[in-house]
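Asks: Structure, please.
(one chain, ligands or ions: 2)
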Amino acid sequence: MKFESILLPGIEDKRPLLIAGPCSAETEDQVLKTARELAANGVKIFRAGVWKPRTKPGGFEGMGVPALQWLKRVKAETGMYTATEVATEKHVFEALKHGVDMVWIGARTSANPFAVQEIADALSGVDIPVLIKNPVNPDLELWIGAIQRLYNAGIKKLGVIHRGFSTSDKTIYRNIPQWHIPIELKRRFPDLPIICDPSHIGGKRNLIATLSQQAMDLNFYGLIVESHCSPDDAWSDKEQQVTPCVLNEVMQSLVVRDTLQSTEDLSVLRGQIDELDNEILQILSKRMRISREIGMYKKEHGMPVLQTHRYDEILKDRSSQAEKMDMSGEFMRKVLEAIHEESVRQQFVVMSGRD
Ligand code: PEP
Ligand code: MN
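Replies: Ligands and ions are numbered 1, 2, ... in the order given. Below you'll find the model as predicted:
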C-alpha cells in the first residue's frame, strides 16, 4: 500500500501533529468556547464526537446532525479544521455535507468488517484524510483489514489511531496500550502515520502527559487528545478530558527527539521493555490472585499456609529452567523468593480475613 500525507493545507509537517477537542459536542457554547481556547493555543485540528457509541442505550448518544453546524462555526470563526467520528454511511454523508475536513472510525466500529466496508464504500471517491482507530480487541490483522478496506475504496490519505485495547484485567489504564501492536503495524507499514490517543488509553487526566511522551519516544507521528472547556461538566468521558490550558502545558513539556536512526531504535527497544514490564506486572497480579484462591482453599480445608515441600520443588524446578533460558539460577531463586514472600503475605490476609 502506498499512502498519501494526511496533512491538510497550512499544517506543518512536524511532530506531534495535534488533534484536540471534546469527547462530544454537547452544546454550541461548549463547542465554541473550547474551540476558541484551543485555537488560541495554536491547535489546528478540532475534534468532537457528534455520534457517540455508548455501551448501553439511554445514555448521551451525541447531538447528531445539529452539532455539525457548530463544527462549521468553529471552522468559520477559528480557521481550525474539524474532525469527527463516523460509524455508518449516513454519518459519512452528513459529515461531508457539512464540510467536516477529516473523519475517524471508532474502535468499536473498526472491529466490525461490515461497518468498515459500509464506511469505505460511502467514502469512495472522497479525498479527505481518514483515521482508523484500533479495534477494541488486540487484533492487529483486524486493524490491518480495516486499513485495507479503506485503501481499496481509493482512500489514500490514511492514518491510524492507537487508543489501547480493552481488557478484563485490572490495570491503571482504561485500555491497555500493548505498544508492541502499533509498533508491529509501523514495522509493516512504515509510511502509515500513527497517532496516539492518550485520553482513551489512560482514561484519566493524570496519565495523558506520560502516555503522550511515550508515544513521542516511540516516534509516533501525532496525538489526539480530548479537551473540554470544563472537563468536570463533560457529558461523556469526563475523567479523561483536560482544559485547553492543561493540554497546552502537556504539549510544552513534551520532549520530541530527533528521529536519528540510532535514537529511534533505542526508543523502540525501550518501548518494548516498558511493554514487557507491564506484562510481567499483569502476570504477577494474576499469580497473586491464584495464590489467594489457594489461600481460600487451604482455609476451608484447615491446611497450613506454608507447604515447604511444594516451595522447595518450585525453587529447584524454576531455577534450572531459568538456566536453560540464559539466566542465572541464583537470579531466578531471588525473584521466586520475593514472589513467594508476597504470595504468603497475600494468603495470610485471606486466612485472617472475613469468611
Ligand atoms: C472517542 O474518540 O471519543 C471515542 C469514542 O473513542 P474510541 O472509539 O477510541 O472508544
Ligand atoms: Mn471519548
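
Asks: Residues of the stretch 51-200 of the chain that sit close to ligand 1?
Replies: Residues of the stretch 51-200 of the chain found near ligand 1 (Cβ under 6 Å from any ligand atom) are 53, 85, 106-107, 133, 163, 200. For every residue, glycine as well, the C-beta is placed using N, CA and C.

Asks: Weed out the non-buried ones from those residues.
Replies: Neighbour counting with 16 or more other Cβ atoms under 10 Å marks 85, 106-107, 133, 163, 200 as buried within those.

Asks: possible to save these as JSON lines with pLDDT?
Replies: Shown next, in JSON lines, are these (pLDDT from 0 to 100):
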{"residue": "E85", "pLDDT": "98"}
{"residue": "G106", "pLDDT": "98"}
{"residue": "A107", "pLDDT": "98"}
{"residue": "K133", "pLDDT": "98"}
{"residue": "R163", "pLDDT": "98"}
{"residue": "H200", "pLDDT": "98"}
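
Asks: what sits against the closest residue to P231 other than its chain neighbours?
Replies: Spatial nearest neighbour of P231, excluding adjacent residues (Cβ to Cβ, 6 or more residues apart in numbering): Q241 at 4.0 Å. Applying Cβ atoms under 8 Å, 6 or more residues apart in numbering to Q241 gives the contacts 22-23, 199, 205, 226-228, 231, 234.

Asks: Strands - which of the buried ones among the residues of the stretch 51-200 of the chain next to ligand 1 land there?
Replies: Counting by DSSP state E, the part of those found in strands is 85, 133.

Asks: Most distant residue from the centre of this structure?
Replies: Note on the chain: the largest C-alpha distance from the chain mean falls to G302, namely 45.7 Å (Cα atoms, centre = their mean).

Asks: Which of the contacts of Q241 sits closest to ligand 1?
Replies: C23 (4.6 Å; Cβ to the nearest ligand atom).

Asks: Could you check how far that closest one is from P53?
Replies: Per Cβ to Cβ, to the nearest Å, C23 is found 12 Å from P53.

Asks: doesn't K72 make contact with H98?
Replies: Yes. Between H98 and K72 a contact is recorded at 5.8 Å, counting by Cβ atoms under 8 Å.

Asks: mind listing the helices in the protein by residue range?
Replies: Along the chain, the stretches classed as helices by DSSP state H are 28-40, 65-78, 89-97, 107-110, 113-123, 140-152, 180-188, 198-202, 208-217, 244-253, 261-300, 308-324, 329-352.
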